[in-house]
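J.: Here is my input, please return the structure:
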Amino acid sequence: MGTYNTLPRNSQIKCWDCDMTTKQVGDIVPDFGLPKYIVLLREGGYVIVENGIITKIIENCGKKFYAPEDFSGVPCFDKWGCEVGSHSDLVGEFQGMVGMDDPYYFRSNK
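T.: Alright, predicted model coming up:
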């Protein structure tokens, strides 16, 4: 499982320091050399980072999942720090079968 950071409603993020702290709006995180980026949350929701500072956290806890198409022109990353360019990048090939894959979405969820 490894270490990670959490957000106020317990969403996990592994693309930052992984120091087991809870990140809040206003906290400093890596900027990845970008003026602004989005982290899409596995649990639903997203985080906006601007100039290395968290400016917005939306944790939907399974109610609404977002894709890069929802944030035109802003680079998006998954919780592990992999850049994702489209909804199809977040769809699991095996749709969670027998524990394989860890898709954000099944093909039928869009």
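J.: hey, where'd the strands end up in this structure?
T.: Assigned by DSSP state E, the strands in the chain fall at 5-6, 12-13, 36-40, 45-50, 53-59, 76-77, 83-84.
J.: pLDDT-wise, which helix or strand of this structure ranks last?
T.: strand 83-84 (a mean of 90; mean pLDDT, DSSP states H and E).
J.: Look up which residues are beta-bridged to the spatially most central residue of the chain.
T.: Centroid check for the chain by CA atoms, centre = their mean gives residue 40 as the closest residue, at 2.6 Å. Bridge pairing for residue 40 (DSSP bridges) gives the partners residue 46.
J.: Contact partners for it?
T.: By CB atoms under 8 Å, 6 or more residues apart in numbering, the contact set of residue 40 is 46, 65-68, 76-79, 84, 90, 104. In short, each C-beta sits where N, CA and C put it, glycine included.
J.: Could you measure from it over to residue 13?
T.: 10 Å (CB to CB, to the nearest Å).
J.: any shared contact partners between these two?
T.: With CB under 8 Å, 6+ apart, residue 40 and residue 13 have common neighbours residue 79.
J.: The residue lying closest to residue 18 once chain neighbours are set aside: how many residues sit nearby?
T.: Counting by CB to CB, 6 or more residues apart in numbering, residue 3 is the residue found nearest to residue 18 once chain neighbours are left out, at 4.3 Å. When neighbours are defined as other CB atoms under 10 Å, residue 3 has 10 of them.
J.: and residue 3, what does it touch?
T.: 14, 18-20.
J.: let's see 10 Å
T.: 12, 14, 17-20 (CB atoms under 10 Å, 6 or more residues apart in numbering).
J.: In terms of pLDDT, where does the closest residue to residue 29 other than its chain neighbours sit?
T.: Closest residue to residue 29 apart from its sequence neighbours, by CB to CB, 6+ apart: residue 16 at 4.8 Å. What the model reports for residue 16 is a pLDDT of 93.
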